[in-house]
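> here is my input; please provide its structure:
(2 chains)
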Amino acid sequence: QKEVEQDPGPLSVPEGAIVSLNCTYSNSAFQYFMWYRQYSRKGPELLMYTYSSGNKEDGRFTAQVDKSSKYISLFIRDSQPSDSATYLCAMRSNDYKLSFGAGTTVTVRA
Amino acid sequence: DTEVTQTPKHLVMGMTNKKSLKCEQHMGHRAMYWYKQKAKKPPELMFVYSYEKLSINESVPSRFSPECPNSSLLNLHLHALQPEDSALYLCASSHPGQGGDTEAFFGQGTRLTVV
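Just a heads-up that it's a prediction; the model follows:
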């Protein structure tokens, strides 16, 4: 079993829809949770960062962490074609090693 | 400024060549990382430097040799690579330690092709 599970998709939604992404994990020591967006042939761009459980909102993006269920989510409201990318969840405990999900490929159709 | 700058953006090298990848950040981060990413896969950690000292080496072959000359710079020296080493090489940086403000920022990567 992988330490972080993420459905690779692909996920295709119409413009303006809500995109819902999630990851589950098995390591209860994880405390730091990140979502990255990666366009083709580019480096990952940090979208959201959450320490421990709770919700965080930044513009059209909302990140949720439920440590009791070992489940994290990212919601993208009013999706745009420019949101078409691969979304990677990542998490770590108190060391430096980020554990990544497989990444979900999202296409927003105009 | 949350920028991590990597050079070159693209590199083609033969199996007998020696080349270096460079990474620079000016965010005051004291942890710097090298990752390798193959197509349609997540990044894989190679090395971590903390306060300019190598703290993690993920059993990377010796043909990859990291170097951290100072707190802003990170190099990856390449020698006698194999075609299967072709990948996107990513540099990242963060504040070390625990607590908030320790998220990792990535550069745009160097796309390496070994011929």
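> nearest residue to the residue of chain B found nearest chain A in space, please, no chain neighbours.
Closest contact between chain B and chain A, by Cβ to the nearest Cβ, is at residue B:42 (3.6 Å). The way it works is simple: take the backbone N, C-alpha and C, and place the C-beta from them, glycine included. Nearest residue to residue B:42 in three dimensions, chain neighbours excluded: residue A:100, at 3.6 Å (Cβ to Cβ, 6 or more residues apart in numbering or on different chains).
> residues touching residue B:77, list them.
If a contact means Cβ atoms under 8 Å, 6 or more residues apart in numbering or on different chains, then residue B:77 has B:18, B:19, B:20, B:64, B:65, B:66, B:67 as its contacts.
> mind doing that once more with 7 Å?
Going by Cβ atoms under 7 Å, 6 or more residues apart in numbering or on different chains, residue B:77 touches B:20, B:65, B:67.
> kindly report the same for residue B:25.
Applying Cβ under 7 Å, 6+ apart, the residues contacting residue B:25 are B:4, B:72, B:93.
> give me phi/psi at it?
phi -140, psi 150 (degrees, to the nearest 10).
> that one bridge partners, please.
Beta bridges link residue B:25 to residue B:4, judged by DSSP bridges.
> show the pLDDT at it.
Residue B:25 is assigned 97 on the pLDDT scale.
> how about the worst-scoring helix or strand of chain B on mean pLDDT and chain A, any contact?
Among the helices and strands of chain B, strand B:53-57 carries the lowest confidence by mean pLDDT, DSSP states H and E, at a mean of 92. Yes: Strand B:53-57 reaches chain A (Cβ under 7 Å from any Cβ of the partner chain) through B:55, B:56.
> any residues touching that strand, and which ones?
A:96, A:97, B:47, B:48, B:49, B:66.
> what's around the residue in chain A positioned nearest to chain B, how many residues?
Per Cβ to the nearest Cβ, residue A:100 is where chain A lies closest to chain B, at 3.6 Å. Neighbours of residue A:100 under the rule other Cβ atoms under 10 Å in any protein chain shown: 25.
> partners of it in the sheet?
residue A:90.
> which pLDDT value belongs to it?
On the pLDDT scale, residue A:100 gets 96.
> still on that earlier bit, could I get the contacts of residue B:25 as CSV with pLDDT and neighbour count?
Putting the contacts of residue B:25 into CSV (pLDDT from 0 to 100; neighbours: other Cβ atoms under 10 Å in any protein chain shown) gives the following:
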residue, pLDDT, neighbour count
B:4, 97, 24
B:72, 96, 16
B:93, 95, 27
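> pLDDT weak spots in chain B?
Counting by pLDDT under 70, chain B shows low-confidence ranges at B:1-2, B:98-101.
> quick check: residues of chain A near chain B?
Checking chain A against chain B by Cβ under 7 Å from any Cβ, the hits are A:32, A:34, A:41-44, A:46, A:49, A:51, A:88, A:94, A:96-98, A:100-103.
> mind doing that once more with 6 Å?
A:34, A:42-44, A:46, A:49, A:51, A:88, A:94, A:96-97, A:100, A:103 (Cβ under 6 Å from any Cβ of the partner chain).
> want to throw those into TSV with secondary structure?
Below are those laid out as TSV (DSSP: H, G, I helix; E, B strand; the rest coil):
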residue	secondary structure
A:34	strand
A:42	coil
A:43	coil
A:44	coil
A:46	strand
A:49	strand
A:51	strand
A:88	strand
A:94	coil
A:96	coil
A:97	coil
A:100	strand
A:103	coil
